[in-house]
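K.L.:
next comes the sequence, and after it the predicted model I'd like to discuss.
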Amino acid sequence: MAIWLMKSEPDAFSINDLKHRQRESWDGVRNFQARNYMRDMKQGDVVLFYHSSCKVPAIVGTATVSKTAHPDPSCWDPKSPYYDPKSTAETPRWDQVELTFESILKKPLTLAVLKSWPELDGFPLIQKGSRLSVMPVEEHYWHILKSRILCEK
DNA sequence: GCCAACGTTGGC
DNA sequence: GCCAACGTTGGC
């Protein structure tokens, strides 16, 4: 089982939204590296849900992958903000995965705290200029984060 | 609102 | 294949 981290702007889609909906397709990813990571996801993988571009950027909850990568229909919809004219039915460019809500942390694990943790040096999320919205959480870093996240569930 | 970092596009 | 221009992300 792999661990991933996915970013979302809470104004657009928050962990509370996921809790209410229980299951949701994670669409709108328009970055090749992020898409490729989604294609590596397996059913049951754990996703750390991160709030970005907000007052307190933080890991706020967890979800599991309930449906592996499949074409993201918003790329074909001219009315969608995620419309991509380069994506055709024959050659879909973009994928989505479906997530199922798992937990909201009692205490969000803030970016500030993560940055203050010397053991997390090298963790892509806390690197300057890191903009990737989907990233793997390597075993090494998960080992460090795990206790804190599982006990706050 | 600012700006640094990064990805993508398109001209050459 | 290079690189400048541009758009976007996201912390602060």
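P.N.:
Now that the structure is in, tell me what you want to look at. Numbers count the residues shown, from 1 in each chain, chains lettered A, B, ... in the order given.
K.L.:
helix, strand or coil for A:Lys19?
P.N.:
What DSSP: H, G, I helix; E, B strand; the rest coil gives for A:Lys19 is helix.
K.L.:
contacting residues for it?
P.N.:
A:Gly61, A:Phe101, A:Ile104 (Cβ atoms under 8 Å, 6 or more residues apart in numbering). (Each C-beta comes from the backbone N, C-alpha and C, glycine too.)
K.L.:
repeat that with 6 Å
P.N.:
A:Phe101 (Cβ atoms under 6 Å, 6 or more residues apart in numbering).
K.L.:
measure it to DNA strand C for me?
P.N.:
Distance, A:Lys19 to DNA strand C, using Cβ to the nearest atom of the strand, to the nearest Å: 21 Å.
K.L.:
do A:Ser8 as well
P.N.:
A:Ser8 is 8 Å from DNA strand C, by Cβ to the nearest atom of the strand.
K.L.:
now swap in A:Leu105 and tell me
P.N.:
A:Leu105 is 16 Å from DNA strand C, by Cβ to the nearest atom of the strand.
K.L.:
specify the local secondary structure of that residue.
P.N.:
Put simply, A:Leu105 is strand when judged by three-state DSSP.
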